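Novice: Give me the fold of what follows.
(2 chains)
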Amino acid sequence: MMSANMKETLAACHDCDALYRRVPLQPGEQARCIRCNAVLYRTSRIGPDAMLAIVLTALITFVIANVFPIVELSVQGITSSSTLIGSVHALWGDKREIVATLVLATTLMVPLLDMLIMVLLTSLALMHRRPPYFAPLLRLVQTVRPWGMIEIFMLGVLVSLVKLSAMASVVPGVALWAFAILTLLLALMLSWDPAFLWTEDEP
Amino acid sequence: MKRIQPVTMLTASDLGMVACEYCALVVQADENGHHPDFCPRCGGRLHSRHTQSLQRCWAFLIAAAILYIPANILPIMRTSSLFSGAEDDTIMTGIVYFWTSGSIGLAALIFTASILVPMLKLFSLAFLTISVQRRWRYSLGQRMILFRIVEGVGRWSMLDVFVVALMVGLVQFHALAEIKAGPGAAAFGGVVVLTMLASKSFDARLIWDNDPRISHDR
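Specialist: The predicted model follows:
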């Protein structure tokens, strides 16, 4: 499936369009643009097999983070706890549909979609297969990725805890720890640019 | 890190080439200067520069600037409790609360994420867009760094929206105390989304198209 107009030996800088001849990199190295210092392309030390393991762990952590309460509050013997979905539900119930949708999309839908696609892409890479849906999935994951905001949500949880500790006694829930671990796992996943699968050897 | 040498300092567009935004493949235009609409490798849409980058950037920026006013004036949160009655919080009163209760670090964090960063984004992107429209030939590197900062920190403004969502979800002691989201929260979320869209529409390559070290006419 090679056509004459494909210049696979070249690389153009994403940020300033400067043109380079590709050179092979060692694992963990990155090539940078000498004009604007952008990363032209990189190779990861983490192979598709390790990445699949990381993403599957992240998925399990994601389920735990969403099933168990984030924190439990108690005021004068009355307790209250909430999950992320519970918060979205409460917002929706208050007729704040826009905020509810925004929170649902950035902390649940997009990260979940990202992880599911990554499971598929890494599995396909391990099986050396490139079915017709490979390219659309790869493009989809690149498009939605900037809208996933689990790490910001994590910071939001910490700020809320400080705020709430003034008015009630606060007991951290299982999901709080799960979100903390998930933030780290997702940071690993996001550092792995799936676009390099294109420059891997064709199956 | 490996610094690789350029072919000579030429851009892809100088040679009639387009790089795919998705798979980074460089595609050569035909002898009439037409490149295919879609990437032959991954099927992504090919653009030499983002379509109508500056117009779109302005549109999102103006919309964000307008929404910035209700986002700061309208309450983002309403706390009603048996003891102190109902109380409306705007972004600024939330920051003042942390400041007066002694959490100066948190006050600074939220001030940065909710007030400074959106302002920085609006002004920086407007400045960058004007600089490209006026074809400025200087401080290309500094402008690139400014754009990267804007892109990197912009999403963190969402912090306050998440704090409101969590407070609403958690504080549900019906008669005793209850927190509801205010109309300002949606406006503020809108500002964050619109400024993110603005920075995504801005094509950084337009800054470098005015690089005086490169003559673009072959």
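
Novice: For residue 153, which three-state class applies?
Specialist: Just going to use chain A. When classified by DSSP: H, G, I helix; E, B strand; the rest coil, A:F153 comes out as helix.

Novice: oops, chain B please
Specialist: Classification of B:V153 by three-state DSSP places it in helix.

Novice: Tell me, how many residues neighbour it?
Specialist: Neighbour count for B:V153, taken as other C-beta atoms under 10 Å in any protein chain shown: 15. C-beta: built from backbone N, CA, C; applies to glycine.

Novice: And A:P24, by the same measure?
Specialist: The local packing of A:P24 (other C-beta under 10 Å) involves 9 other residues.

Novice: for B:W58, same thing?
Specialist: B:W58: 19 neighbours (other C-beta under 10 Å).

Novice: for A:G173, same thing?
Specialist: That count, for A:G173 with other C-beta under 10 Å as the rule, works out to 18.

Novice: where does it land on pLDDT?
Specialist: If you check A:G173, the pLDDT there is 89.

Novice: correct me, but it touches A:I70?
Specialist: Yes. With contact defined as C-beta atoms under 8 Å, A:G173 reaches A:I70; the gap is 5.3 Å.

Novice: Quick check: neighbours shared by those two?
Specialist: Shared contacts of A:G173 and A:I70 (C-beta atoms under 8 Å, 6 or more residues apart in numbering or on different chains): A:S81.

Novice: low pLDDT regions in chain B?
Specialist: Applying pLDDT under 70 to chain B picks out residues B:1-8, B:215-218.

Novice: Tell me which residues of stretch B:42-54 come out buried.
Specialist: B:42-44, B:46, B:48, B:50, B:53-54 (16 or more other C-beta atoms under 10 Å in any protein chain shown).

Novice: Put the alpha carbons of it into PDB.
Specialist: Taking only C-alpha atoms (Å, rounded to 0.1, in the frame of the first residue of the first chain), the coordinates of stretch B:42-54 have been written out as PDB:
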ATOM      1  CA  CYS B  42      -4.100   6.900   7.900                       C
ATOM      2  CA  GLY B  43      -6.900   8.600   6.100                       C
ATOM      3  CA  GLY B  44      -6.800  11.700   8.300                       C
ATOM      4  CA  ARG B  45      -7.600  15.100   6.700                       C
ATOM      5  CA  LEU B  46      -4.600  16.900   5.400                       C
ATOM      6  CA  HIS B  47      -4.000  20.600   5.900                       C
ATOM      7  CA  SER B  48      -0.900  22.500   5.200                       C
ATOM      8  CA  ARG B  49      -2.000  25.000   7.900                       C
ATOM      9  CA  HIS B  50      -5.200  24.700  10.000                       C
ATOM     10  CA  THR B  51      -8.200  25.900   8.000                       C
ATOM     11  CA  GLN B  52      -9.000  29.600   8.800                       C
ATOM     12  CA  SER B  53      -6.900  29.300  11.900                       C
ATOM     13  CA  LEU B  54      -6.900  33.000  12.800                       C
END
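
Novice: buried ones in stretch B:195-213?
Specialist: B:195-211.

Novice: How about stretch A:143-150?
Specialist: Buried-residue list, stretch A:143-150, by 16+ other C-beta under 10 Å: A:144-145, A:147-150.

Novice: In helices, which of the residues you listed appear?
Specialist: Under the assignment DSSP state H, those contribute A:144, A:150 to helices.

Novice: Surely B:A186 and A:I98 touch.
Specialist: Yes. If you go by C-beta under 8 Å, B:A186 and A:I98 touch, sitting 4.1 Å apart.

Novice: if you count what's nearby, which of these two comes out ahead?
Specialist: B:A186 (24 against 17).

Novice: Surely that one is within a helix?
Specialist: Yes. Applying three-state DSSP, one finds B:A186 inside a helix.

Novice: Which residues are in contact with residue 126?
Specialist: Just going to use chain A. By C-beta under 8 Å, 6+ apart, the contact set of A:L126 is A:48-49, A:52.

Novice: Hmm, no, I was thinking of chain B.
Specialist: Residues near B:A126 by C-beta under 8 Å, 6+ apart: B:L61.

Novice: and it, helix, strand or coil?
Specialist: helix.

Novice: One more: the one 10 residues further on?
Specialist: Reduced to three states with three-state DSSP, the structure at B:W136 is coil.

Novice: Just give the nearest non-adjacent residue to it, would you?
Specialist: Ranked by C-beta to C-beta, 6 or more residues apart in numbering or on different chains and with sequence neighbours excluded, the top spatial neighbour of B:W136 is B:N210, at 6.4 Å.
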